[in-house]
Each structure stands twice: as C-alpha cells, then as structure tokens.
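Chemist: give me the fold of what follows.
(2 chains)
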There are 2 protein chains.
Amino acid sequence: MAEHTSKQFDLELETIRTRVLQMGGLVEQQIQSAVDALMAADIERLDKVVADDALVNSLEVAIDDDCQHIIARRQPAASDLRMVITVIKTITDLERIGDEAQKIARQGKIIHQSERYQLPRFREVRKMADVALAMLRRALDAFARLDATAALELAQEDLILDEEFSAELRQLITFMMEDPRTISMSIDTLFIAKAIERIGDHAKNISEYVVYLVKGKDIRHTSLEEIKRETQAG
Amino acid sequence: MAEHTSKQFDLELETIRTRVLQMGGLVEQQIQSAVDALMAADIERLDKVVADDALVNSLEVAIDDDCQHIIARRQPAASDLRMVITVIKTITDLERIGDEAQKIARQGKIIHQSERYQLPRFREVRKMADVALAMLRRALDAFARLDATAALELAQEDLILDEEFSAELRQLITFMMEDPRTISMSIDTLFIAKAIERIGDHAKNISEYVVYLVKGKDIRHTSLEEIKRETQAG
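Modeler: As a prediction, the model looks like this:
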C-alpha cells in the first residue's frame, strides 16, 4: 500500500513537471509566432497568438491547482516540496512571458492595421527575440534536467539583453531627434523590444528557481559573482 | 500537546501574515519616496530608495523560507494551505513592485544628474502614482481583512490606470512630433509612467489572490463581468 502510494506520488510529481514543460513549449510557440507574424504582417496569425493566451492562462490555473492538491494530500517534504513550490513559481513566470508574447502580437496588429509611415526596426527586434527565446529554452531545459549551472549563463545573457535594449533605445532616440516622422515607428519598436527584454528577465527567474530546487539555496537577488560561486560549488 | 502545537501553528500563520503587511508597508514607502524624491530632485533620497530595495528582497526570501518551513512541518490543509500559498505569491508581487520603485528612483537620478532640457511631466506622474499607491494600499488592506470584494474595484481601477497611461503616451508622442527637443523628457516620463502602471497591475494581482484565499476560487484571467459575479456571490 505504501509502495502504491509512493508510486502514485511519484507519478503526480512527474505529471506536474511534464505539464510545466508543455506550458513552456506553448509559450515558446507564442513568442515565435508573435515575432514571425509581426514581421510577415500576418494579421490572422497575430489574432491567433492573442486568442491562444487563454490556453496559457488555463494551463497556469490547472497546474497551480494540481500543486495545491499534491501539497494537501501528499504532504511533501524536502526536495519534493521544493519541486512543487518551484513549479508554482515557474508557471507564474511562464504565464507572464505568455502575456508579453500577447502584447507583441497586439502591438503588431496596431502597427499593421494603421497607416504607419514606417515599420519598426525588425532586424533588431528579431535579434533580441532570438536571444530571449534561447534563454527561455535554456531555462526550461535546466528545469527538465535539474541543471543548476544554467542560472549563471542566463544571468550573463540577461545583462547582454539589457545592454541590447539600452543600445536600441539610444538609437531610437537619435532617429526621433533627427526626424520626428520616425517617432511612431520608434515607439512601436521600443514597446516590442521592452516586451522581449522582460521575457529574458522571466527566463532568468526560472533558472534561479532551479538552483533553489537543486541546492535548496535561494540565489535570487544575488550578484553575478555570488551566483558564479554558488553554481560552481559542489 | 495538540493544543500547544495548534497555538504554535496559529502563531506561525499570524507571523507570516504580519510580515507580509510589513513588507507591503516598506514597499509603499519606497514608491512614495521615489516619487517625492524625483520631484524634489533629492539625489540622496533617490539613492536611499535604490539601496533599500535590498531590504525588500531580503524580506521576500525570509518570508518565502518561513512559508516553506510551515508547509513542511505543519502540513497545512484547506484554508491554512491557501493562506500560505497566497503569501508566497503575494510577496513575489510585492518584490516586483519594489523593483518598479527602484526603477523610478534610478530614472530619477539619471534625469537630475544629466543635462536635461526639460524635466518630465511631474503632474501626470504624480496623478498616476497616487492611483497606484491607493490600489496597493487597498490590496494590502484586502489581504489583512480577508476582503474578497476589493478585487472588483482594483480590476476597474487598473483599467483606469491603463487608460491614463495610454492617454499620457499619446500626449507625449504629440509633444515629440511637434518639438524634437522634448524627446528625452518624453522618454523619461514614459518609463516612469510605465513603472507606475506595472505597480497597479501587481496590486491587482494581489487582490485576486485574496479572492482565491477567501473563496477557494481562482479568478485570475477572468473578465470584469465574471469577477463581478464572483465577488458579489455569497
């Protein structure tokens, strides 16, 4: 009986882990679709991204519910408890990433459905989006493989993404000052770039939860040096 | 012995609830200080807000830790478990609000330490900040009094705040197009207004957790009509 219960419990933990990865995969698709559709001026596809955010939200509520049932019924302790808490936090960040993808799609619709003098700087947007998507995949992979070393890489990549955003902002301000007709385009680009930068932030958060999960140590709000020490220690 | 344990448990639950409200109070002060210091060009006070974000972060980590100990040791169920999960989620949103206050302070330093042709539109910033602060206080009050009706008000106020942000954005674009010398000022104002709008979002999130806490029902991602029905039902 105890063994059956233990197997059932393991199955439940495995199920929520799998559902997190499914949710992560859906959110990755949302980002990819939003950016591709933005550049292709594919209104139908942009509409689909906006609508599909409801799926992301439903997944969050469902997995959250599963987690609370596990805590109430199975009374997990130690690393099992950390897994469940990590899942609760991770799905919140994934849901927020989903919101950013939806924002990009909505901004895309506004851009393509109004008389814009110029389209946004797609090349820079694509560059930043590729970085943010790679960060998200790395974070989900770290979660799947219980890899605590990803947090260091993601902390560094997040700094790079922030730098790219700042550089883009400075460039846009220069354009706007040289030619006021570029203001709408610049603001459009700015909002999309900001959404992408936030996606990177959330991916970094997820990698930090994994360190906590693996090592039982909370590294959020620590410096890069401290993260380095923590992820390289035994 | 059972009674002693039960009293101890009640004390632990009461303690984390109190700590959430302390953290909330600190975060309110951070917002207030950041906005006041921004308008008074008080660099020293802006520096203090930036530094004190570390306190906010420490509180989050500490309360999170308390919650996990409670779950592991006390194995709470039903409404006690919902309280602990609500605390874990609420402190995450409070910590993010703290980050936004820090961003406002950092932006304030940049504004006052560089040669700006014009200062940001403080009157609009102040107006939005007052709304966001009131929302945060309402959300914390709802948490303290287990008041599920606040979520409806906060959902409506959040829409108002979003509208104010959009209106401000349109106004800034108009300024920028009419006079490119106003671009720096406009971008400054935009970032501060965005941070304030995000504070309102987080306050709304907290009020939604309270509905879940009180009614055992997750109303996140539901429409205003559904929230109305849910918070007005028995």
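Chemist: so which residues of chain A form helices?
Modeler: A:2-40, A:43-74, A:78-113, A:122-145, A:150-178, A:183-215, A:224-232 (DSSP state H).
Chemist: closest to chain B out of the ones you listed?
Modeler: Nearest to chain B among those is helix A:43-74; the distance by Cβ to the nearest Cβ comes to 3.9 Å. Heads up, the C-betas are built off the backbone N, CA and C, glycines and all.
Chemist: okay, the angle between the closest one and helix A:2-40?
Modeler: Angle of helix A:43-74 versus helix A:2-40, following axes from the mean of the first three to the mean of the last three Cα atoms, to 10 degrees, is 160 degrees.
Chemist: rewinding a little: okay, the helices of chain A in TSV with distance to B:Asp53, mean neighbour count and mean pLDDT next?
Modeler: What follows is the helices of chain A, written out as TSV (distance: least, Cβ to Cβ, whole Å; neighbours: other Cβ atoms under 10 Å in any protein chain shown; pLDDT from 0 to 100):
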stretch	distance to B:Asp53	mean neighbour count	mean pLDDT
helix A:2-40	28	17	93
helix A:43-74	27	18	95
helix A:78-113	19	21	94
helix A:122-145	23	19	96
helix A:150-178	17	18	91
helix A:183-215	15	24	92
helix A:224-232	16	14	78
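Chemist: tally of neighbours for A:Leu146?
Modeler: 13 (other Cβ atoms under 10 Å in any protein chain shown).
Chemist: hmm, back to that, the helices of chain A into JSON lines, with extra columns for distance to chain B?
Modeler: Formatted as JSON lines, the helices of chain A follow (distance: least, Cβ to the nearest Cβ, whole Å):
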{"stretch": "helix A:2-40", "distance to chain B": "14"}
{"stretch": "helix A:43-74", "distance to chain B": "4"}
{"stretch": "helix A:78-113", "distance to chain B": "6"}
{"stretch": "helix A:122-145", "distance to chain B": "17"}
{"stretch": "helix A:150-178", "distance to chain B": "5"}
{"stretch": "helix A:183-215", "distance to chain B": "5"}
{"stretch": "helix A:224-232", "distance to chain B": "13"}
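Chemist: redo those as JSON lines? Include distance to B:Ile187.
Modeler: Shown next, in JSON lines, are the helices of chain A (distance: least, Cβ to Cβ, whole Å):
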{"stretch": "helix A:2-40", "distance to B:Ile187": "22"}
{"stretch": "helix A:43-74", "distance to B:Ile187": "26"}
{"stretch": "helix A:78-113", "distance to B:Ile187": "17"}
{"stretch": "helix A:122-145", "distance to B:Ile187": "17"}
{"stretch": "helix A:150-178", "distance to B:Ile187": "6"}
{"stretch": "helix A:183-215", "distance to B:Ile187": "8"}
{"stretch": "helix A:224-232", "distance to B:Ile187": "28"}
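Chemist: and A:Glu226, how far from A:Ile219?
Modeler: Separation of A:Glu226 from A:Ile219 (Cβ to Cβ, to the nearest Å): 7 Å.
Chemist: distance of A:Pro76 from chain B?
Modeler: 8 Å (Cβ to the nearest Cβ, to the nearest Å).
Chemist: quickly note the distance from the nearest residue to that residue once chain neighbours are set aside to B:Ile88.
Modeler: Once flanking residues are discounted, A:Pro76 sits nearest to A:Val84: 5.8 Å by Cβ to Cβ, 6 or more residues apart in numbering or on different chains. Going from A:Val84 to B:Ile88 by Cβ to Cβ gives 11 Å.
Chemist: isn't the residue nearest to A:Pro76 up against A:Arg73?
Modeler: No: using Cβ atoms under 8 Å as the test, A:Val84 is too far from A:Arg73 to be in contact (11.4 Å).
Chemist: so how far is A:Ile196 from the residue lying closest to A:Glu124 once chain neighbours are set aside?
Modeler: Closest residue to A:Glu124 apart from its sequence neighbours, by Cβ to Cβ, 6+ apart: A:Glu168 at 5.4 Å. Applying Cβ to Cβ, the value for A:Glu168 to A:Ile196 is 10 Å.
Chemist: intersection of neighbour lists for these two?
Modeler: Shared contacts of A:Glu168 and A:Ile196 (Cβ atoms under 8 Å, 6 or more residues apart in numbering or on different chains): A:Met128.
Chemist: contacts only, for the closest residue to A:Asp80 other than its chain neighbours.
Modeler: Residue nearest to A:Asp80 in three dimensions, not counting chain neighbours: A:Leu13, with 6.4 Å by Cβ to Cβ, 6+ apart. Going by Cβ under 8 Å, 6+ apart, A:Leu13 touches A:Ile70, A:Pro76, A:Asp80, A:Met83, A:Val84.
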